[in-house]
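In: Any chance you can model this:
(one chain, ligands or ions: 2)
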Amino acid sequence: MPERLGPSLSKPLFERIALIGLGLIGSSIARAARHLNLAGTIVAVDRSEEVVARVRELRIADEATTDLVAGVKDADLVILCVPVGVCGAVAEAMRPGLKPGCIVSDVGSVKASVIAQVQPHLPQDVHFVPAHPVAGTEHSGPDAGFATLFHNRWCILTPPDGADEQAIERVRVFWSAIGSNVEIMSAQHHDLVLAITSHVPHLIAYNIVGTAADLETVTQSEVIKFSAGGFRDFTRIAASDPTMWRDIFLHNKEAVLEMLGRLNEDIALLARAIRWGEGDKLFDLFTRTRAIRRGIISSGQETPEPDFGRRREDKA
Ligand SMILES: NC(=O)C1=CN([C@@H]2O[C@H](COP(=O)(O)OP(=O)(O)OC[C@H]3O[C@@H](n4cnc5c(N)ncnc54)[C@H](O)[C@@H]3O)[C@@H](O)[C@H]2O)C=CC1
Ligand SMILES: O=C(O)C(=O)Cc1ccc(O)cc1
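Out: Ligands and ions are numbered 1, 2, ... in the order given. This next block holds a predicted model:
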């Protein structure tokens, strides 16, 4: 068992869990649920034969199938771990197999659109509790997952109005047992917050790496050769899955456009400060942002970077 995972439960939280989509997130949930004894039986469902075969090889689920209806049969908890753009189609296709009274959840990076897509397809006696584990990497697929991915990270639940309290509590307990800190908010608020903290930063990374690549013909590969840490960090983010991120932008359109509008205004102000030599404006902003980063590190939400011996010199 990985070192940082908590103790496994003596009795599973759910008899049978079905995970739909066994990529980075689905396979990480499967691994964590297995290690922590959160489910009596874990069923893996994926539309890709290749992924199903790999899940069997990796032994991260008890059963694996491409058949959605058979896969969700008798499951007490079904979690959609597919790109947000296909959640509605998956919900519609799995509906005939859903057990009355079961809980359906998801892990999508966008919430209002997923609720709008999924809810109309669920029978009245099925409880929908949408979730978003705010943890991930730029990698995809069943080999990329690991059991500690969600440890000490946030998981946001966005239950629609009138959602069953017991079902919300069971999903909260599930993510807490996985090691996440759980918070509940409205889907609209989630989408606005995540637009600025996650979606727009990814768009900026895709954009800057794209622009630099276009410049490369002009600079004859100096862009990559002399890329310092900052640019390299952007290339990591810009290596994230194209399908997943296309869907996120198309399904959180209003919030992303709202945040991009604000960002454009602020960038125009920065350009103006540079043009007119207003150093104090630049200095004030950079001082504020440095304090934010240091606050994140001291609150324990981020591991500090290696100091390469700098601290010893500082002390001298
Ligand atoms: N990658 C990340 O860092 C994070 C992703 N998320 C969310 O998790 C979800 C999954 O993302 P990843 O695991 O990274 O993706 P992934 O690309 O690693 O895995 C997605 C899996 O879904 C399967 N799939 C696609 N369409 C399907 C369908 N119609 N029916 C059945 N299976 C289907 C694919 O074959 C693939 O195995 C997305 O909604 C994403 O927004 C949430 C937090 C972090
Ligand atoms: O790799 C990174 O830096 C991420 O930001 C991962 C990530 C991607 C999408 C999410 O909805 C949550 C986390």
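
In: Show me where the stretch 1-150 of the chain dips below the pLDDT cut-off.
Out: The stretch 1-150 of the chain contains residues with pLDDT under 70 at 1-4.

In: ranges for the strands of it?
Out: 14-20, 39-45, 63-65, 77-80, 103-106, 127-129, 131-133 (DSSP state E, counting those that start in this stretch).

In: Any idea which of these gets closest to ligand 2?
Out: Nearest to ligand 2 among the strands of the stretch 1-150 of the chain is strand 131-133 (6.2 Å), distances taken as CB to the nearest ligand atom. (Each C-beta comes from the backbone N, C-alpha and C, glycine too.)

In: what about the residue of the stretch 101-250 of the chain found nearest ligand 1, distance to H151?
Out: Proximity of the stretch 101-250 of the chain to ligand 1 (CB to the nearest ligand atom) peaks at G136, 1.7 Å away. From G136 over to H151 the distance is 13 Å, taken as CB to CB, to the nearest Å.

In: Could you export the strands of the stretch 1-150 of the chain as CSV, including distance to H189 and mean neighbour count?
Out: As requested, the strands of the stretch 1-150 of the chain are exported to CSV (distance: least, CB to CB, whole Å; neighbours: other CB atoms under 10 Å):
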stretch, distance to H189, mean neighbour count
strand 14-20, 26, 24
strand 39-45, 30, 23
strand 63-65, 36, 19
strand 77-80, 21, 27
strand 103-106, 17, 26
strand 127-129, 16, 22
strand 131-133, 12, 23
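
In: Need these in a markdown table (columns: distance to ligand 2).
Out: Below are those laid out as a markdown table (distance: least, CB to the nearest ligand atom, whole Å):
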| stretch | distance to ligand 2 |
| --- | --- |
| strand 14-20 | 17 |
| strand 39-45 | 21 |
| strand 63-65 | 25 |
| strand 77-80 | 14 |
| strand 103-106 | 12 |
| strand 127-129 | 17 |
| strand 131-133 | 6 |
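
In: which helices and strands sit right next to the longest helix belonging to the chain?
Out: For the chain, the helix with the greatest residue count under DSSP state H is helix 253-275. Helix 253-275 is packed against helix 187-194, helix 200-219, helix 279-298, with contacts defined by 3 or more CB pairs under 8 Å, 6 or more residues apart in numbering; DSSP states H and E.

In: Extract the CA atoms of that helix and return them as CSV.
Out: The C-alpha trace of helix 253-275 is given here as CSV (Å, rounded to 0.1, in the frame of the first residue of the first chain):
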residue,chain,number,x,y,z
LYS,A,253,-17.8,29.0,-22.3
GLU,A,254,-19.4,31.9,-20.4
ALA,A,255,-17.2,31.8,-17.3
VAL,A,256,-14.0,31.3,-19.3
LEU,A,257,-14.9,34.2,-21.6
GLU,A,258,-15.8,36.4,-18.6
MET,A,259,-12.4,35.7,-17.0
LEU,A,260,-10.5,36.2,-20.3
GLY,A,261,-12.2,39.6,-20.7
ARG,A,262,-10.9,40.6,-17.3
LEU,A,263,-7.5,39.2,-18.0
ASN,A,264,-7.2,41.2,-21.3
GLU,A,265,-8.0,44.4,-19.4
ASP,A,266,-5.3,43.7,-16.8
ILE,A,267,-2.8,42.8,-19.5
ALA,A,268,-3.5,46.0,-21.2
LEU,A,269,-2.8,47.9,-18.0
LEU,A,270,0.5,46.0,-17.6
ALA,A,271,1.5,46.8,-21.2
ARG,A,272,0.7,50.5,-20.5
ALA,A,273,2.8,50.4,-17.3
ILE,A,274,5.8,49.0,-19.2
ARG,A,275,5.4,51.5,-22.1
